[in-house]
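>>> what's the 3D shape of this:
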Amino acid sequence: MSYRLKRKEPVPDGIKRLAAEQIDAASSQLASGKNREEAVHEARKCVKKTRGLLSLAAYQKEDKRLRDIGRALSAIRDATVIVETFDALVEKHKATLKKEQLAGVRRELEQAPEFREGIERALAGLRAVRGRVETWPLHTDGFTAVEEGLAASYRRGRKRLRLAEKTGDARDFHEFRKSAKEHWYHMRLFEGLWPEPVGARVAALKDLETWLGEHHNLDVLRGKLPKEPQEAIQLFLALVETEQKELERNSISLARRLYEQKPKPFVRDLSKLWDVWHEEAKLPPRKQPAPSVSKRSKTA
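Now for the predicted structure:
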């Protein structure tokens with residue numbers, strides 16, 4: 001399922017098509033009855049992609065419901081991911097940490113509540129949104145349809161980057177992560193305009209989102225750890241902080257480059273690519289050169 005706008009498709013139709021596909025995929029995952037953690041993870045991604053479409057189209061009426069659905073699924077996701085994050089950090093620093101001293105901490109982290117009711121509510125919410133997709137009042141076509149939303153999202157990302165860099169606060173990094181992820185989804189929609197440079201930006205944004213995601217996972221884990229003066233726990237917390245600082249440095253370094261351009265010229269450059277992309281669609285197909293005929297084939 002390609003998450004891209006099609007060249008010969010009206011933009012409102014493309015946004016509705018993609019939204020319907022993502023909501024259907026999220027609902028299918030949650031209703032499948034398969035591995036809960038994987039299903040929730042995939043459904044969350046679909047919800048975020050749908051919210052990305054709404055922000056691109058500057059249509060926010062459905063966003064609150066989708067945000068609430070996403071939050072319900074995030075609670076389920078966090079219960080699983082913090083255990084995985086704990087295990088990964090213990091494995092990475094196994095020469096320093098004594099696993100047996102942290103066994104009790106891990107058991108406490110594993111005490112995840114049952115979230116079946118939350119999944120059912122999320123499914124009901126998704127079905128309600130899905131039933132309204134075709135009635136979304138999206139009428140503007142062409143790049144104009146996405147220009148405002150694209151610029152606002154990019155501008156918001158630059159602002160949140162500056163704040164996270166200034167404060168170093170985990171909450172500010174998490175807010176910046178939301179913007180970076182939204183921008184990543186937006187750029188994936190435009191990857192067809194010029195696959196090489198736009199694709200390179202998409203790949204870089206994926207790296208940025210991954211680092212910021214790991215930073216957030218560590219922050220969630222930190223909040224779940226017992227506040228005890230035990231040496232093993234204090235050492236573990238110190239390692240969490242060290243890992244977060246490294247992720248912050250890497251994220252800021254990459255983000256500065258990705259958000260270096262100001263919003264107006266950034267959107268203007270993308271609009272030019274959009275125009276060229278559509279002009280190319282009007283050109284007749286290129287003639288392929290005739291296959292060369294070797295001397296041997298002529299005399300055969």
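
>>> wait, isn't A170 in contact with L221?
No - if you go by Cβ atoms under 8 Å, A170 and L221 don't touch, sitting 11.3 Å apart. In this view, the C-beta of every residue, glycine as well, is placed from N, C-alpha and C.

>>> which of those two has more residues huddled nearby?
A direct count of neighbours by other Cβ atoms under 10 Å for A170 and L221 places L221 higher, at 23 against 18.

>>> ok, that one to R160 distance?
Using Cβ to Cβ, to the nearest Å, L221 is found at 23 Å from R160.

>>> L193 too?
L193 is 25 Å from R160, by Cβ to Cβ.

>>> just for the stretch 1-150 of the chain, where's the confidence low?
Residue ranges of the stretch 1-150 of the chain with pLDDT under 70: 1, 112-114.

>>> quick check: the spatially most central residue of the chain vs K6, distance?
Closest to where the C-alpha atoms of the chain average out (Cα atoms, centre = their mean) is K181, at 3.9 Å. Going from K181 to K6 by Cβ to Cβ gives 23 Å.

>>> do A255 as well
Distance from A255 to K6, by Cβ to Cβ: 30 Å.

>>> compare neighbour counts for those two and give me the winner.
A255 (25 against 13).

>>> residue contacts, the more buried one?
For A255, the contact set (Cβ atoms under 8 Å, 6 or more residues apart in numbering) comprises L161, F176, A180, L208.

>>> what's near enough to touch the second one?
In other words, F176. Taking Cβ under 8 Å, 6+ apart, we find F176 in contact with G157, R160, L161, L163, A164, L212, A255.

>>> measure the second one to I82 for me?
It stands for R160. Look at R160 and I82: by Cβ to Cβ, they are 24 Å apart.

>>> and if you look at the fourth one?
Distance, L163 to I82, by Cβ to Cβ: 26 Å.

>>> the more surrounded of these two?
I82 (21 against 15).

>>> returning to what we had before: in strands, which of the contacts of A255 fall?
Of the contacts of A255, none are assigned to strands by DSSP state E.

>>> what does stretch 160-175 rub up against?
Residues contacting stretch 160-175 (Cβ under 8 Å, 6+ apart): 176, 178-179, 212, 215-216, 219, 244, 248, 251-252, 255-256, 259.

>>> burial measure for A281, as a count.
A281, neighbours per other Cβ under 10 Å, totals 8.

>>> how about stretch 266-276: buried residues?
Residues of stretch 266-276 classed as buried: F266, V267, L270, S271, L273, W274 (neighbour count, 16 or more other Cβ atoms under 10 Å).

>>> I meant to write stretch 87-96 there.
Those buried within stretch 87-96 under the rule 16+ other Cβ under 10 Å are L89, V90.

>>> contacts for it?
So stretch 87-96 is in contact with L97, K99, L102, R106, L218, L221, L235, F236, L239, V240, E243, going by Cβ under 8 Å, 6+ apart.

>>> can you map out the helices along the protein?
With DSSP state H as the criterion, the chain has helices at 11-31, 36-56, 63-92, 103-109, 116-130, 144-167, 170-189, 195-224, 231-258, 263-282, 295-299.

>>> before we move on, back to that, can you lay out the contacts of A255 as TSV showing distance to D13 and pLDDT?
Listed next are the contacts of A255 as TSV, based on distance: Cβ to Cβ, whole Å; pLDDT from 0 to 100:
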residue	distance to D13	pLDDT
L161	33	98
F176	32	98
A180	28	98
L208	31	98
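
>>> now the residues you listed: which count as buried?
By 16+ other Cβ under 10 Å, the contacts of A255 give L161, F176, A180, L208 as buried.
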